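Undergrad: Quick one: sequence plus predicted model below, questions after.
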Amino acid sequence: MSEKDDLKDIPPLVPERDDVASHRSNKRAQSQEIVRPSYYTRKVEVSTWPVRIMLILLTLGVVVGGYGAYYFYGEYQNTLRQSELRIGDLEVRLALAGETAVESDNDLMDNINRTIEQYDLLWANWRANNRQFEEFQGEIARLKMSNEGQDETTATNSQAIASTSQSLMANETKINSLSNEMDRLNLSLNSLNTSVDELIVMRADVESIRQSLNSGDSTVLGLVGRLEYMEESMESVNAHRMQVNDLLSQLQGNIEALQRAQSAPDSF
């Protein structure tokens, strides 16, 4: 309803005839417009404030938009500079990476060439080793054929070695026994030497007795005592002699057994 009332208040574009006549007849009115003052006043009251508000809002919008555009433009410039710096850094890194990649590629090609050379050497060594292995297999086969006839000999030799080992152990025991007998024989010989020395003394005593008898010495009791001592000494010497003879017989038997035992392995 208010909009319709406002439309009714809009002044007509063509003034009425009465208004034109009064305007022409009145000199004071000629200095004013033909339209009625009420229309003009209401027109100003109705249309000015919204326009002002719109202008203020538009001005604020333009200011805010300009500030926002300036702010975002500054952010865009900062982002653009950072992007350019990053792009420059990436270009430098890319150039370094390209140089490193070229060097790595060259090193890789050198390594590949060396690997190929080593592979060729390994292949040649493998073929040489394969030939040597085949030769070894042939030699092993020949040795196996030549050794087949020697198995019995090896078994016989093993038995002979075992028998020889037993003989050596027995001989070692006999040698130890001979060593003990030699020690006893040495003791007996020492005792026999002592008895011989006593016999020499007894011979001197016998000679002295003979001279005393020839001279007719009357000390018969002393002579009898000396003769008894000489008889005891003779018996002692005979006992030592028999002991030495027994030891010599045992020693000779052990030596002969040892010689037979040593000649037995040589027969194999």
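TA: Perfect, thanks for sending it. None of these values were measured; they are calculated from a predicted model.
Undergrad: Run through the stretch 51-200 of the chain and note the low-pLDDT ranges.
TA: Along the stretch 51-200 of the chain, the model assigns pLDDT under 70 to residues 101, 146-154, 157, 164, 171, 178-179, 181-182, 185-186, 188-193, 195-200.
Undergrad: The same query, at a cut-off of 90, please.
TA: Filtered on pLDDT under 90, the stretch 51-200 of the chain yields the residue ranges 51-56, 58, 61-62, 65-66, 68-69, 74, 76, 79-200.
Undergrad: domains in this structure, as residue ranges please.
TA: 2-103, 163-267 (automatic domain parsing).
Undergrad: What's the separation between N254 and M169?
TA: 16 Å (CB to CB, to the nearest Å). From N, CA and C alone the C-beta is placed, and that goes for glycine too.
Undergrad: do the same with G61
TA: In terms of CB to CB, G61 sits 126 Å off from M169.
Undergrad: Equivalent analysis for D120, please.
TA: Taking CB to CB, one finds D120 at 62 Å from M169.
Undergrad: any chance you could map the helices in this protein?
TA: For the chain, applying DSSP state H gives helices covering 2-9, 17-25, 27-30, 37-148, 151-215, 220-267.
Undergrad: average pLDDT for the last one?
TA: Translated: helix 220-267. Mean per-residue pLDDT for helix 220-267: 67.
Undergrad: do the first one as well
TA: Taken as a whole, helix 2-9 has an average pLDDT of 52.
Undergrad: ditto for the shortest one
TA: Averaging pLDDT along helix 27-30 gives 52.
Undergrad: Make 362 the starting number, not 1.
TA: Will do, 362 is the new start, and the previous item becomes helix 388-391.
Undergrad: Which of N615 and M530 has more residues huddled nearby?
TA: N615 (16 against 10; other CB atoms under 10 Å).
Undergrad: Would you agree the more buried one is in contact with T534?
TA: No. Look at N615 against T534 with CB atoms under 8 Å: they stay out of range, at 10.5 Å.
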